[in-house]
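Engineer: model this:
(one chain, ligands or ions: 2)
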Amino acid sequence: MKALIIVDMQYDFLPGGSLEVAKGDEIIPIINNIQKDYDLVVATQDWHPKEHMSFSSQHVGKLPFEVIDLDGLSQVLWPDHCVQESYGSELSEDLDTSQIEAIFRKGMDPRIDSYSGFYDNGKRKDTGLAGYLRARKIDEVHVCGLAADYCVFYTAMDAISEGFKTSIISKATKAIDKGDFMEKKNTFIQAGGFLI
Ligand code: VGL
Ligand code: ZN
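Structural biologist: Residues are numbered from 1 along each chain as shown. Ligands and ions are numbered 1, 2, ... in the order given. All right, here's what the predicted structure looks like:
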């Protein structure tokens with residue numbers, strides 16, 4: 001059985017959002033079209049408290065995209081984004097959500113970031129996504145959404161380590177930094193992932 005994981009299709013990652021991904025809106029019709037090809041469709045939602053420590057606004061003298069050490073983990077600092085209950089945290093209303101059976105929220109602990117839909121960046125807490133997929137007899141996942149070089153990549157890497165046959169759908173994702181995604185693509189392929 002095959003699942004589609006739609007990652008973080010929220011206004012803050014779409015053009016006009018606080019952490020916009022260029023052309024992120026172009027993948028919405030593609031994601032809408034392919035959902036029918038799956039046994040199960042799930043989504044993730046970046047869902048931060050307003051004082052989340054991944055926000056540069058929480059660090060005196062720091063700017064977005066600087067890198068710091070946060071409790072022993074390397075942390076890219078981001079503009080405030082996907083604050084719980086804000087408009088920017090909502091899934092785009094252009095996304096067809098009629099087939100999405102479950103939405104896994106992440107990034108709620110203010111002290112640690114959470115790119116993957118499976119765990120936070122320190123693997124301290126499990127969202128339950130792997131168990132949910134296994135309970136639904138899923139053995140293969142395809143990952144799409146935003147952003148290719150962060151939440152899509154880390155979700156796909158964790159899917160491999162959880163034992164799922166894993167693909168990233170190239171036409172249904174866009175990167176914050178294209179060069180960064182080129183490198184991460186190689187890491188993903190080397191780990192046993194597929195690009196389709
Ligand atoms: C994401 C940076 C920070 C993503 C989320 O969805 O790729 N990137 N939070
Ligand atoms: Zn985030």
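Engineer: near ligand 1, which residues of this structure are found?
Structural biologist: 8, 13, 46, 78, 115, 146-147, 150-151 (C-beta under 6 Å from any ligand atom). Using the backbone N, CA and C atoms, a C-beta is placed for each residue, glycine as well.
Engineer: one more pass at 8 Å, please.
Structural biologist: Remark: the part of the chain in contact with ligand 1 comprises 7-8, 10, 13, 19, 21, 44, 46, 48, 54, 76, 78, 81-82, 107, 113-115, 145-152, 176, using C-beta under 8 Å from any ligand atom.
Engineer: quick check: longest strand of this protein.
Structural biologist: Across the chain, the longest stretch assigned as strand under DSSP state E is strand 165-174.
Engineer: tell me where the chain has helices.
Structural biologist: Using DSSP state H, the helices of the chain run over 28-34, 129-135, 153-161, 178-190.
Engineer: need the winner for burial among those helices.
Structural biologist: Highest mean neighbour count among those (mean count of other C-beta atoms under 10 Å): helix 153-161, with a mean of 23.
Engineer: can I get it as PDB, trimmed to CA atoms?
Structural biologist: Provided in PDB are the C-alpha atoms of helix 153-161 (Å, rounded to 0.1, in the frame of the first residue of the first chain):
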ATOM      1  CA  PHE A 153      14.200  16.100   2.600                       C
ATOM      2  CA  TYR A 154      14.200  15.300   6.300                       C
ATOM      3  CA  THR A 155      10.700  13.700   6.200                       C
ATOM      4  CA  ALA A 156      11.900  11.500   3.300                       C
ATOM      5  CA  MET A 157      15.200  10.600   5.000                       C
ATOM      6  CA  ASP A 158      13.300   9.500   8.100                       C
ATOM      7  CA  ALA A 159      10.800   7.500   6.000                       C
ATOM      8  CA  ILE A 160      13.800   5.500   4.600                       C
ATOM      9  CA  SER A 161      15.200   4.800   8.100                       C
END
